[in-house]
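J.: what's the 3D shape of this:
(one chain, ligands or ions: 1)
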Amino acid sequence: ISPLDAVSLRADFPILAEQVNGHRLVYLDSAATSQKPTAVLDAERDFLTHANSAVHRGAHTLAAEATDLFEDARATVAGFVGAQPEQLVWTSGATAGLNLVAYAIGNATLGRGAPASARFALAPGDEIVTTAIEHHANLIPWQELAARTGAVLRHIPARADGTLDLDAAASVIGERTRLVAFSHVSNVLGIVNPVAEIVALAQAVGAVTVLDACQSAPHLPLDLPALGVDLAVFSGHKMLGPYAIGGLYGRADVLEALPPFLTGGSMITTVALDGAEYLPPPQRFEAGTQPVGPAIGLAAAVRYLEGVGLENIHAHESALAERMGAGLRGIPGVRLLGDAPGAERVGLWSFDVAGVHAHDAGQFLDAQGIAVRVGHHCAAPLHRQFGITASVRASTALYNTEDDVDLFLDAVRGIRGFFGVTDELEGANA
Ligand code: PMP
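T.: This is a model prediction of the structure:
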(Lines give C-alpha, C1' and ligand atoms only; values in the text may rest on other atoms or scores of the structure.)
Protein backbone atom coordinates (compact mmCIF):
# COMPACT_ATOMS: atom_id res chain seq x y z
CA ILE A 1 0.00 0.00 0.00
CA SER A 2 1.37 3.39 -0.92
CA PRO A 3 -0.12 6.70 0.19
CA LEU A 4 -2.45 8.14 -2.37
CA ASP A 5 -1.88 11.74 -3.38
CA ALA A 6 -5.48 12.90 -3.60
CA VAL A 7 -4.45 16.51 -4.09
CA SER A 8 -2.65 15.63 -7.37
CA LEU A 9 -5.37 13.20 -8.46
CA ARG A 10 -7.91 15.98 -8.30
CA ALA A 11 -6.38 17.56 -11.41
CA ASP A 12 -7.71 14.56 -13.37
CA PHE A 13 -11.31 15.45 -12.43
CA PRO A 14 -12.18 18.77 -14.11
CA ILE A 15 -15.45 19.23 -12.23
CA LEU A 16 -13.64 19.41 -8.89
CA ALA A 17 -12.32 22.83 -9.91
CA GLU A 18 -15.87 24.22 -10.00
CA GLN A 19 -17.02 26.91 -7.60
CA VAL A 20 -20.39 26.31 -5.98
CA ASN A 21 -22.18 29.16 -4.25
CA GLY A 22 -18.93 31.10 -4.15
CA HIS A 23 -16.97 28.28 -2.51
CA ARG A 24 -14.69 25.61 -3.83
CA LEU A 25 -16.73 22.47 -4.43
CA VAL A 26 -16.41 19.90 -1.65
CA TYR A 27 -17.95 16.86 -3.30
CA LEU A 28 -19.11 14.34 -0.71
CA ASP A 29 -21.80 12.59 -2.71
CA SER A 30 -19.84 9.92 -4.54
CA ALA A 31 -22.05 7.11 -3.20
CA ALA A 32 -24.86 8.61 -5.29
CA THR A 33 -22.64 9.15 -8.31
CA SER A 34 -18.90 9.61 -8.66
CA GLN A 35 -17.11 12.27 -10.67
CA LYS A 36 -15.37 11.26 -13.90
CA PRO A 37 -11.69 11.68 -14.74
CA THR A 38 -10.61 13.17 -18.07
CA ALA A 39 -9.49 9.69 -19.17
CA VAL A 40 -13.12 8.52 -19.08
CA LEU A 41 -14.48 11.61 -20.82
CA ASP A 42 -11.79 11.26 -23.51
CA ALA A 43 -12.35 7.53 -24.03
CA GLU A 44 -16.03 8.00 -24.77
CA ARG A 45 -15.47 11.04 -26.96
CA ASP A 46 -12.62 9.38 -28.88
CA PHE A 47 -14.82 6.38 -29.60
CA LEU A 48 -17.70 8.56 -30.81
CA THR A 49 -15.33 10.74 -32.83
CA HIS A 50 -13.27 8.02 -34.52
CA ALA A 51 -14.90 4.60 -34.31
CA ASN A 52 -18.60 5.00 -33.62
CA SER A 53 -20.55 2.12 -35.05
CA ALA A 54 -22.96 -0.58 -33.92
CA VAL A 55 -21.12 -3.69 -32.79
CA HIS A 56 -21.21 -7.36 -33.81
CA ARG A 57 -23.09 -7.23 -37.09
CA GLY A 58 -21.44 -4.78 -39.46
CA ALA A 59 -19.38 -5.81 -42.48
CA HIS A 60 -17.45 -2.57 -42.42
CA THR A 61 -14.20 -1.47 -40.82
CA LEU A 62 -15.70 0.81 -38.19
CA ALA A 63 -18.06 -1.92 -37.03
CA ALA A 64 -15.11 -4.28 -36.57
CA GLU A 65 -13.17 -1.59 -34.70
CA ALA A 66 -16.16 -0.82 -32.47
CA THR A 67 -16.66 -4.52 -31.78
CA ASP A 68 -13.01 -4.92 -30.78
CA LEU A 69 -13.16 -1.90 -28.47
CA PHE A 70 -16.45 -3.10 -26.97
CA GLU A 71 -15.20 -6.63 -26.30
CA ASP A 72 -11.86 -5.30 -25.00
CA ALA A 73 -13.88 -3.19 -22.59
CA ARG A 74 -15.76 -6.29 -21.44
CA ALA A 75 -12.49 -8.11 -20.78
CA THR A 76 -11.10 -5.12 -18.87
CA VAL A 77 -14.16 -4.66 -16.66
CA ALA A 78 -14.53 -8.42 -16.11
CA GLY A 79 -10.87 -8.56 -15.09
CA PHE A 80 -11.46 -5.73 -12.63
CA VAL A 81 -13.86 -7.99 -10.67
CA GLY A 82 -11.72 -11.11 -11.13
CA ALA A 83 -13.95 -12.61 -13.83
CA GLN A 84 -13.67 -13.94 -17.39
CA PRO A 85 -15.14 -11.81 -20.21
CA GLU A 86 -18.03 -14.22 -20.84
CA GLN A 87 -19.02 -13.89 -17.18
CA LEU A 88 -19.82 -10.18 -17.57
CA VAL A 89 -23.18 -9.06 -18.94
CA TRP A 90 -23.56 -5.37 -19.75
CA THR A 91 -26.60 -3.77 -18.15
CA SER A 92 -27.67 -0.17 -17.76
CA GLY A 93 -26.81 -0.31 -14.04
CA ALA A 94 -27.26 -2.25 -10.85
CA THR A 95 -31.03 -1.79 -10.81
CA ALA A 96 -31.26 -3.23 -14.32
CA GLY A 97 -28.98 -6.14 -13.35
CA LEU A 98 -31.05 -7.06 -10.32
CA ASN A 99 -34.28 -6.87 -12.32
CA LEU A 100 -32.69 -8.98 -15.05
CA VAL A 101 -31.94 -11.71 -12.50
CA ALA A 102 -35.37 -11.48 -10.87
CA TYR A 103 -37.18 -11.72 -14.22
CA ALA A 104 -34.89 -14.49 -15.48
CA ILE A 105 -35.70 -16.50 -12.35
CA GLY A 106 -39.37 -15.74 -12.91
CA ASN A 107 -38.98 -17.12 -16.43
CA ALA A 108 -37.25 -20.22 -15.07
CA THR A 109 -40.23 -20.63 -12.73
CA LEU A 110 -42.51 -20.55 -15.79
CA GLY A 111 -40.42 -23.33 -17.35
CA ARG A 112 -39.03 -20.93 -19.96
CA GLY A 113 -35.48 -22.19 -20.01
CA ALA A 114 -33.21 -25.12 -20.69
CA PRO A 115 -33.74 -28.10 -18.34
CA ALA A 116 -30.84 -26.80 -16.20
CA SER A 117 -32.85 -23.66 -15.40
CA ALA A 118 -35.20 -25.73 -13.21
CA ARG A 119 -32.71 -25.19 -10.36
CA PHE A 120 -33.84 -21.55 -10.19
CA ALA A 121 -37.59 -22.24 -10.28
CA LEU A 122 -39.55 -21.04 -7.25
CA ALA A 123 -42.54 -22.92 -5.84
CA PRO A 124 -45.15 -21.29 -3.61
CA GLY A 125 -43.71 -21.23 -0.09
CA ASP A 126 -40.09 -21.18 -1.26
CA GLU A 127 -38.16 -18.38 0.37
CA ILE A 128 -36.22 -15.41 -0.97
CA VAL A 129 -33.95 -13.83 1.65
CA THR A 130 -32.71 -10.23 1.57
CA THR A 131 -31.57 -8.02 4.45
CA ALA A 132 -33.03 -5.14 6.42
CA ILE A 133 -30.37 -2.74 5.12
CA GLU A 134 -30.85 -3.08 1.37
CA HIS A 135 -31.18 -0.32 -1.20
CA HIS A 136 -34.68 -0.45 -2.73
CA ALA A 137 -33.04 -1.77 -5.93
CA ASN A 138 -32.19 -4.98 -4.04
CA LEU A 139 -35.56 -5.23 -2.36
CA ILE A 140 -38.39 -4.37 -4.70
CA PRO A 141 -37.41 -6.72 -7.58
CA TRP A 142 -37.56 -9.57 -5.02
CA GLN A 143 -40.90 -8.36 -3.64
CA GLU A 144 -42.22 -8.46 -7.19
CA LEU A 145 -40.70 -11.88 -7.88
CA ALA A 146 -42.25 -13.22 -4.66
CA ALA A 147 -45.63 -11.79 -5.64
CA ARG A 148 -45.39 -13.39 -9.11
CA THR A 149 -44.32 -16.82 -7.89
CA GLY A 150 -45.91 -17.28 -4.47
CA ALA A 151 -42.48 -17.31 -2.86
CA VAL A 152 -42.12 -15.78 0.59
CA LEU A 153 -39.75 -12.90 1.33
CA ARG A 154 -37.67 -13.03 4.50
CA HIS A 155 -35.02 -10.67 5.87
CA ILE A 156 -31.78 -10.96 7.74
CA PRO A 157 -32.19 -8.29 10.45
CA ALA A 158 -29.64 -5.62 11.30
CA ARG A 159 -28.48 -4.97 14.85
CA ALA A 160 -28.79 -1.50 16.38
CA ASP A 161 -25.21 -0.74 15.28
CA GLY A 162 -26.05 -1.49 11.63
CA THR A 163 -24.19 -4.81 11.39
CA LEU A 164 -26.09 -7.79 10.03
CA ASP A 165 -27.24 -10.22 12.68
CA LEU A 166 -25.52 -13.42 11.60
CA ASP A 167 -27.07 -15.46 14.42
CA ALA A 168 -30.47 -14.50 13.10
CA ALA A 169 -29.28 -15.14 9.52
CA ALA A 170 -28.57 -18.74 10.46
CA SER A 171 -32.23 -19.22 11.29
CA VAL A 172 -33.68 -17.01 8.52
CA ILE A 173 -31.76 -18.97 5.86
CA GLY A 174 -33.20 -22.49 5.92
CA GLU A 175 -34.52 -25.46 3.99
CA ARG A 176 -36.94 -23.40 1.88
CA THR A 177 -34.43 -20.66 0.99
CA ARG A 178 -33.80 -20.62 -2.76
CA LEU A 179 -32.15 -17.24 -3.16
CA VAL A 180 -30.18 -14.87 -0.91
CA ALA A 181 -29.67 -11.29 -2.16
CA PHE A 182 -27.57 -8.88 -0.10
CA SER A 183 -25.25 -5.93 -0.41
CA HIS A 184 -21.48 -6.05 -0.06
CA VAL A 185 -21.48 -2.54 1.42
CA SER A 186 -24.58 -0.65 2.54
CA ASN A 187 -25.10 2.69 0.81
CA VAL A 188 -26.33 4.16 4.13
CA LEU A 189 -23.98 2.61 6.66
CA GLY A 190 -20.72 2.13 4.75
CA ILE A 191 -20.11 -1.13 6.62
CA VAL A 192 -18.55 -4.01 4.70
CA ASN A 193 -20.84 -7.00 5.21
CA PRO A 194 -19.61 -10.53 5.98
CA VAL A 195 -19.98 -11.98 2.49
CA ALA A 196 -18.20 -15.28 3.19
CA GLU A 197 -20.42 -16.09 6.16
CA ILE A 198 -23.64 -15.36 4.30
CA VAL A 199 -22.50 -17.25 1.21
CA ALA A 200 -21.66 -20.26 3.43
CA LEU A 201 -25.15 -20.21 4.98
CA ALA A 202 -26.75 -19.96 1.53
CA GLN A 203 -24.58 -22.68 0.00
CA ALA A 204 -25.38 -25.04 2.87
CA VAL A 205 -29.04 -25.02 1.76
CA GLY A 206 -28.32 -24.84 -1.99
CA ALA A 207 -29.59 -21.26 -2.40
CA VAL A 208 -28.44 -18.95 -5.20
CA THR A 209 -26.56 -15.86 -3.97
CA VAL A 210 -26.83 -12.38 -5.50
CA LEU A 211 -24.44 -9.67 -4.34
CA ASP A 212 -25.07 -5.95 -4.76
CA ALA A 213 -21.52 -4.67 -5.17
CA CYS A 214 -22.44 -1.07 -6.08
CA GLN A 215 -20.81 0.47 -3.04
CA SER A 216 -17.78 -1.81 -2.89
CA ALA A 217 -16.63 -1.87 -6.53
CA PRO A 218 -15.16 1.68 -6.52
CA HIS A 219 -13.61 1.38 -3.05
CA LEU A 220 -12.12 -2.07 -2.36
CA PRO A 221 -10.28 -4.77 -4.29
CA LEU A 222 -13.09 -6.96 -5.60
CA ASP A 223 -12.71 -10.61 -6.62
CA LEU A 224 -16.23 -11.90 -7.20
CA PRO A 225 -15.29 -15.52 -7.96
CA ALA A 226 -13.22 -15.61 -4.75
CA LEU A 227 -16.19 -14.26 -2.77
CA GLY A 228 -18.10 -17.31 -3.96
CA VAL A 229 -21.29 -15.50 -4.99
CA ASP A 230 -23.31 -16.83 -7.91
CA LEU A 231 -24.31 -13.44 -9.31
CA ALA A 232 -23.34 -9.84 -8.61
CA VAL A 233 -24.17 -6.38 -9.92
CA PHE A 234 -22.45 -3.01 -10.03
CA SER A 235 -23.04 0.44 -11.54
CA GLY A 236 -20.54 2.23 -13.76
CA HIS A 237 -21.51 5.75 -12.75
CA LYS A 238 -20.54 5.08 -9.12
CA MET A 239 -17.05 3.89 -10.11
CA LEU A 240 -15.82 6.90 -12.15
CA GLY A 241 -17.58 5.63 -15.28
CA PRO A 242 -20.42 6.95 -17.42
CA TYR A 243 -24.13 6.76 -16.67
CA ALA A 244 -26.30 3.99 -18.10
CA ILE A 245 -23.68 1.25 -17.97
CA GLY A 246 -23.19 -1.44 -15.38
CA GLY A 247 -22.32 -5.07 -15.02
CA LEU A 248 -23.94 -8.32 -14.06
CA TYR A 249 -21.36 -10.94 -13.13
CA GLY A 250 -22.36 -14.59 -13.02
CA ARG A 251 -20.65 -17.90 -12.36
CA ALA A 252 -20.36 -19.63 -15.72
CA ASP A 253 -22.74 -22.48 -14.89
CA VAL A 254 -25.28 -20.08 -13.39
CA LEU A 255 -25.37 -17.76 -16.41
CA GLU A 256 -25.42 -20.81 -18.68
CA ALA A 257 -28.56 -22.14 -17.00
CA LEU A 258 -30.46 -18.84 -16.63
CA PRO A 259 -33.14 -18.06 -19.20
CA PRO A 260 -33.07 -14.60 -20.76
CA PHE A 261 -35.09 -11.61 -19.56
CA LEU A 262 -35.16 -9.08 -22.41
CA THR A 263 -35.39 -10.67 -25.84
CA GLY A 264 -35.01 -9.49 -29.42
CA GLY A 265 -32.07 -8.83 -31.70
CA SER A 266 -28.44 -9.63 -30.81
CA MET A 267 -29.29 -12.47 -28.40
CA ILE A 268 -30.33 -15.18 -30.87
CA THR A 269 -28.75 -17.76 -33.18
CA THR A 270 -31.64 -18.87 -35.39
CA VAL A 271 -35.10 -17.36 -35.60
CA ALA A 272 -38.29 -18.74 -37.13
CA LEU A 273 -41.64 -17.03 -37.05
CA ASP A 274 -42.77 -19.27 -34.22
CA GLY A 275 -39.61 -19.73 -32.16
CA ALA A 276 -35.93 -18.94 -31.71
CA GLU A 277 -32.67 -20.31 -30.34
CA TYR A 278 -30.60 -18.17 -28.06
CA LEU A 279 -26.91 -17.36 -27.91
CA PRO A 280 -24.85 -18.45 -24.91
CA PRO A 281 -24.03 -15.90 -22.17
CA PRO A 282 -23.26 -13.06 -22.06
CA GLN A 283 -25.03 -12.23 -25.37
CA ARG A 284 -28.15 -14.13 -24.30
CA PHE A 285 -28.76 -11.35 -21.79
CA GLU A 286 -27.87 -8.44 -24.09
CA ALA A 287 -30.86 -7.93 -26.36
CA GLY A 288 -30.84 -4.89 -28.61
CA THR A 289 -28.23 -2.32 -29.56
CA GLN A 290 -25.51 -2.17 -26.94
CA PRO A 291 -24.17 0.82 -24.94
CA VAL A 292 -20.82 0.78 -26.70
CA GLY A 293 -19.53 4.23 -25.74
CA PRO A 294 -20.46 3.84 -22.06
CA ALA A 295 -18.80 0.39 -21.93
CA ILE A 296 -15.58 1.87 -23.36
CA GLY A 297 -15.86 4.72 -20.84
CA LEU A 298 -16.29 2.25 -17.99
CA ALA A 299 -13.21 0.31 -19.11
CA ALA A 300 -11.25 3.59 -18.96
CA ALA A 301 -12.65 4.16 -15.46
CA VAL A 302 -11.54 0.80 -14.11
CA ARG A 303 -8.12 1.24 -15.72
CA TYR A 304 -7.89 4.54 -13.84
CA LEU A 305 -8.93 2.88 -10.55
CA GLU A 306 -6.41 0.07 -11.13
CA GLY A 307 -3.72 2.61 -11.95
CA VAL A 308 -4.19 4.21 -8.54
CA GLY A 309 -4.60 0.80 -6.91
CA LEU A 310 -7.66 -0.44 -5.05
CA GLU A 311 -5.66 -1.25 -1.91
CA ASN A 312 -4.37 2.33 -1.89
CA ILE A 313 -7.86 3.71 -2.50
CA HIS A 314 -9.32 1.63 0.33
CA ALA A 315 -6.58 2.73 2.74
CA HIS A 316 -7.03 6.40 1.77
CA GLU A 317 -10.80 6.31 2.10
CA SER A 318 -10.67 4.36 5.37
CA ALA A 319 -8.46 7.08 6.81
CA LEU A 320 -10.92 9.75 5.60
CA ALA A 321 -13.80 7.75 7.14
CA GLU A 322 -11.98 7.56 10.43
CA ARG A 323 -11.27 11.30 10.44
CA MET A 324 -14.86 12.08 9.50
CA GLY A 325 -16.33 9.63 12.04
CA ALA A 326 -14.16 10.96 14.87
CA GLY A 327 -15.12 14.53 14.00
CA LEU A 328 -18.85 13.82 13.74
CA ARG A 329 -18.90 11.88 17.03
CA GLY A 330 -17.64 14.99 18.78
CA ILE A 331 -20.41 17.29 17.51
CA PRO A 332 -23.33 17.73 19.95
CA GLY A 333 -26.64 16.50 18.52
CA VAL A 334 -25.07 14.40 15.77
CA ARG A 335 -25.96 10.70 15.76
CA LEU A 336 -24.06 8.42 13.39
CA LEU A 337 -25.97 5.56 11.76
CA GLY A 338 -24.10 2.27 11.85
CA ASP A 339 -21.26 3.32 14.14
CA ALA A 340 -20.21 -0.27 14.78
CA PRO A 341 -16.90 -0.44 16.66
CA GLY A 342 -14.17 -2.14 14.65
CA ALA A 343 -16.29 -2.63 11.54
CA GLU A 344 -14.46 -2.53 8.21
CA ARG A 345 -15.93 0.36 6.25
CA VAL A 346 -15.71 2.50 3.17
CA GLY A 347 -15.53 6.30 3.40
CA LEU A 348 -19.17 6.97 4.04
CA TRP A 349 -21.21 8.18 7.01
CA SER A 350 -24.90 8.89 7.37
CA PHE A 351 -26.08 10.86 10.36
CA ASP A 352 -28.98 12.59 12.00
CA VAL A 353 -28.74 16.10 13.48
CA ALA A 354 -31.10 16.42 16.44
CA GLY A 355 -33.73 19.06 15.88
CA VAL A 356 -32.76 19.80 12.23
CA HIS A 357 -34.36 18.15 9.21
CA ALA A 358 -31.83 16.47 6.93
CA HIS A 359 -32.96 18.65 4.01
CA ASP A 360 -32.30 21.84 5.97
CA ALA A 361 -28.89 20.53 6.98
CA GLY A 362 -28.14 19.66 3.33
CA GLN A 363 -29.07 23.13 2.13
CA PHE A 364 -26.97 24.76 4.85
CA LEU A 365 -23.96 22.70 3.71
CA ASP A 366 -24.67 23.43 0.03
CA ALA A 367 -24.54 27.15 0.71
CA GLN A 368 -20.89 26.53 1.62
CA GLY A 369 -20.14 24.51 -1.50
CA ILE A 370 -20.44 21.16 0.28
CA ALA A 371 -22.39 18.52 -1.65
CA VAL A 372 -23.97 15.78 0.49
CA ARG A 373 -27.00 13.52 0.07
CA VAL A 374 -30.15 13.93 2.14
CA GLY A 375 -33.23 11.74 2.42
CA HIS A 376 -33.61 8.00 2.91
CA HIS A 377 -31.05 7.17 0.20
CA CYS A 378 -33.42 4.54 -1.23
CA ALA A 379 -33.29 2.60 2.04
CA ALA A 380 -36.53 3.61 3.74
CA PRO A 381 -36.94 0.45 5.87
CA LEU A 382 -33.46 0.91 7.37
CA HIS A 383 -34.22 4.54 8.27
CA ARG A 384 -37.45 3.42 9.90
CA GLN A 385 -35.42 1.01 12.04
CA PHE A 386 -33.34 3.97 13.22
CA GLY A 387 -36.56 5.85 14.04
CA ILE A 388 -36.04 8.55 11.39
CA THR A 389 -37.32 9.23 7.87
CA ALA A 390 -34.21 10.92 6.51
CA SER A 391 -30.51 11.39 7.19
CA VAL A 392 -27.55 13.34 5.85
CA ARG A 393 -24.95 11.22 4.02
CA ALA A 394 -21.38 12.28 3.31
CA SER A 395 -19.51 9.85 1.05
CA THR A 396 -15.95 10.01 -0.22
CA ALA A 397 -14.01 8.75 -3.20
CA LEU A 398 -10.32 8.57 -4.05
CA TYR A 399 -10.27 12.30 -4.96
CA ASN A 400 -11.36 13.57 -1.52
CA THR A 401 -8.81 15.10 0.80
CA GLU A 402 -8.43 15.65 4.54
CA ASP A 403 -9.13 19.28 3.76
CA ASP A 404 -12.54 18.29 2.30
CA VAL A 405 -13.35 16.40 5.48
CA ASP A 406 -12.24 19.28 7.73
CA LEU A 407 -14.27 21.87 5.79
CA PHE A 408 -17.27 19.55 6.03
CA LEU A 409 -16.82 19.00 9.78
CA ASP A 410 -16.49 22.75 10.41
CA ALA A 411 -19.71 23.33 8.52
CA VAL A 412 -21.58 20.54 10.36
CA ARG A 413 -20.50 22.14 13.66
CA GLY A 414 -22.49 25.20 12.60
CA ILE A 415 -25.75 23.48 11.65
CA ARG A 416 -27.64 23.47 14.94
CA GLY A 417 -26.60 27.01 15.82
CA PHE A 418 -27.74 28.31 12.42
CA PHE A 419 -31.19 26.78 12.89
CA GLY A 420 -31.37 27.99 16.51
CA VAL A 421 -31.57 24.51 17.96
CA THR A 422 -30.26 23.98 21.46
CA ASP A 423 -30.65 20.86 23.57
CA GLU A 424 -33.20 22.66 25.78
CA LEU A 425 -35.23 23.82 22.78
CA GLU A 426 -35.17 20.40 21.25
CA GLY A 427 -36.36 18.92 24.58
CA ALA A 428 -39.17 21.49 24.72
CA ASN A 429 -40.26 20.57 21.21
CA ALA A 430 -40.12 16.85 21.82
N1 PMP B 1 -27.56 -0.68 -4.74
C2 PMP B 1 -26.89 0.21 -3.99
C3 PMP B 1 -26.25 -0.25 -2.72
C4 PMP B 1 -26.81 1.53 -4.41
O5 PMP B 1 -26.13 2.41 -3.66
C6 PMP B 1 -27.43 1.92 -5.61
C7 PMP B 1 -27.39 3.37 -6.09
N8 PMP B 1 -27.71 4.30 -5.12
C9 PMP B 1 -28.11 0.96 -6.35
C10 PMP B 1 -28.15 -0.33 -5.89
C11 PMP B 1 -28.78 1.29 -7.66
O12 PMP B 1 -27.87 1.67 -8.61
P13 PMP B 1 -28.35 2.29 -10.00
O14 PMP B 1 -29.38 3.32 -9.64
O15 PMP B 1 -27.13 2.86 -10.57
O16 PMP B 1 -28.95 1.20 -10.79
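
J.: need the residues of the stretch 101-250 of the chain near the ligand, please.
T.: His135, Ala137, Asn138, Ser183, Asn187, Asp212, Cys214, Gln215, Ser235 (C-beta under 6 Å from any ligand atom). Yep, even glycine has a C-beta here, placed from its N, CA and C like the rest.

J.: Next up, the contacts around the nearest residue to the fifth one once chain neighbours are set aside.
T.: Taking C-beta to C-beta, 6 or more residues apart in numbering, and ignoring the residues beside it in sequence, Asn187 has Gln215 as its nearest neighbour in space, at 5.0 Å. Neighbour list for Gln215: Ala31, Ser183, His184, Val185, Ser186, Asn187, Gly190, Lys238, Val346, Leu348 [criterion: C-beta atoms under 8 Å, 6 or more residues apart in numbering].

J.: could you dump the residues of the stretch 101-250 of the chain next to the ligand to CSV with distance to Arg57?
T.: Formatted as CSV, those follow (distance: C-beta to C-beta, whole Å):
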residue, distance to Arg57
His135, 36
Ala137, 32
Asn138, 34
Ser183, 37
Asn187, 38
Asp212, 33
Cys214, 32
Gln215, 36
Ser235, 27
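
J.: I'd like the distance between the closest residue to Val210 other than its chain neighbours and Ala137.
T.: Nearest non-adjacent residue to Val210, counting by C-beta to C-beta, 6+ apart: Ala181, 4.1 Å away. Computed as C-beta to C-beta, to the nearest Å, the Ala181 to Ala137 distance reads 10 Å.

J.: rewinding a little: closest to the ligand out of the contacts of Gln215?
T.: Nearest to the ligand, judged by C-beta to the nearest ligand atom, of these is Asn187 at 3.3 Å.

J.: Help me confirm that that closest one comes into contact with Ala137.
T.: No - Asn187 is beyond contact range of Ala137, at 9.5 Å (criterion: C-beta atoms under 8 Å).

J.: what do the two both touch?
T.: Cys378.

J.: Name the residue in the two with the higher neighbour count.
T.: Neighbour count, other C-beta atoms under 10 Å: between Asn187 and Ala137, Asn187 has more, with 27 against 22.

J.: Same list, the contacts of Gln215, but as JSON lines with pLDDT please.
T.: Below are those laid out as JSON lines (pLDDT from 0 to 100):
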{"residue": "Ala31", "pLDDT": "98"}
{"residue": "Ser183", "pLDDT": "98"}
{"residue": "His184", "pLDDT": "98"}
{"residue": "Val185", "pLDDT": "98"}
{"residue": "Ser186", "pLDDT": "98"}
{"residue": "Asn187", "pLDDT": "98"}
{"residue": "Gly190", "pLDDT": "98"}
{"residue": "Lys238", "pLDDT": "98"}
{"residue": "Val346", "pLDDT": "97"}
{"residue": "Leu348", "pLDDT": "98"}
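
J.: Same list, these, but as CSV with secondary structure please.
T.: Putting the contacts of Gln215 into CSV (DSSP: H, G, I helix; E, B strand; the rest coil) gives the following:
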residue, secondary structure
Ala31, coil
Ser183, strand
His184, coil
Val185, strand
Ser186, coil
Asn187, coil
Gly190, coil
Lys238, helix
Val346, coil
Leu348, strand
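
J.: Now do the same for the residue nearest to Asn187: its pLDDT.
T.: pLDDT for Gln215: 98.

J.: is it true that it lies in a strand?
T.: No - according to three-state DSSP, Gln215 belongs to no strand; its state is coil.

J.: Burial check on Arg112, number of neighbours?
T.: 12.

J.: What helix or strand is it located in?
T.: Per DSSP states H and E: Arg112 is located in neither a helix nor a strand.

J.: OK, contacts around it?
T.: Per C-beta under 8 Å, 6+ apart, neighbours of Arg112: Pro259.

J.: Distance-wise, check it relative to Gln283.
T.: 18 Å.

J.: same question, Phe364
T.: From Phe364 to Gln283 the distance is 50 Å (C-beta to C-beta).

J.: Also Cys214?
T.: 24 Å.

J.: swap in Arg74?
T.: 11 Å.

J.: same question, Leu166
T.: 38 Å.

J.: Neighbour count for those two, which is higher?
T.: Remark: of Leu166 and Gln283, Gln283 carries more neighbours, 19 against 14, as counted by other C-beta under 10 Å.

J.: Tell me if I'm right that that one and Met267 touch.
T.: Yes - here Gln283 lies in contact with Met267, judged by C-beta under 8 Å, at a distance of 5.6 Å.

J.: Based on its surroundings, how many neighbours for the residue nearest to Ser216 when sequence neighbours are not counted?
T.: Nearest residue to Ser216, sequence neighbours excluded (C-beta to C-beta, 6+ apart): His184, at 3.9 Å. Counted with other C-beta under 10 Å, the neighbours of His184 add up to 23.

J.: who's in contact with His184?
T.: By C-beta under 8 Å, 6+ apart, His184 lies in contact with Val192, Asn193, Val195, Leu211, Asp212, Ala213, Gln215, Ser216, Leu222, Leu227, Ala232.

J.: I'd guess Gln363 is in a strand, am I close?
T.: No - under the criterion used here (three-state DSSP), Gln363 is helix, not part of a strand.

J.: So, low pLDDT: which residues of the protein?
T.: 424-430 (pLDDT under 70).

J.: Tell me which residue lies nearest the centroid of it.
T.: Centroid check for the chain by C-alpha atoms, centre = their mean gives Cys214 as the closest residue, at 1.4 Å.

J.: sorry, back to before: okay, and which of the contacts of His184 map to helices?
T.: In helices, defined here by DSSP state H, the members of those are Val195, Leu227.

J.: still on that earlier bit, residues shared between the contacts of Ala181 and Ala137?
T.: Leu98, Asp212.

J.: Leaving out the residues flanking it, which one is nearest to Asp161?
T.: That would be Ala340: by C-beta to C-beta, 6+ apart, it lies 3.9 Å from Asp161.
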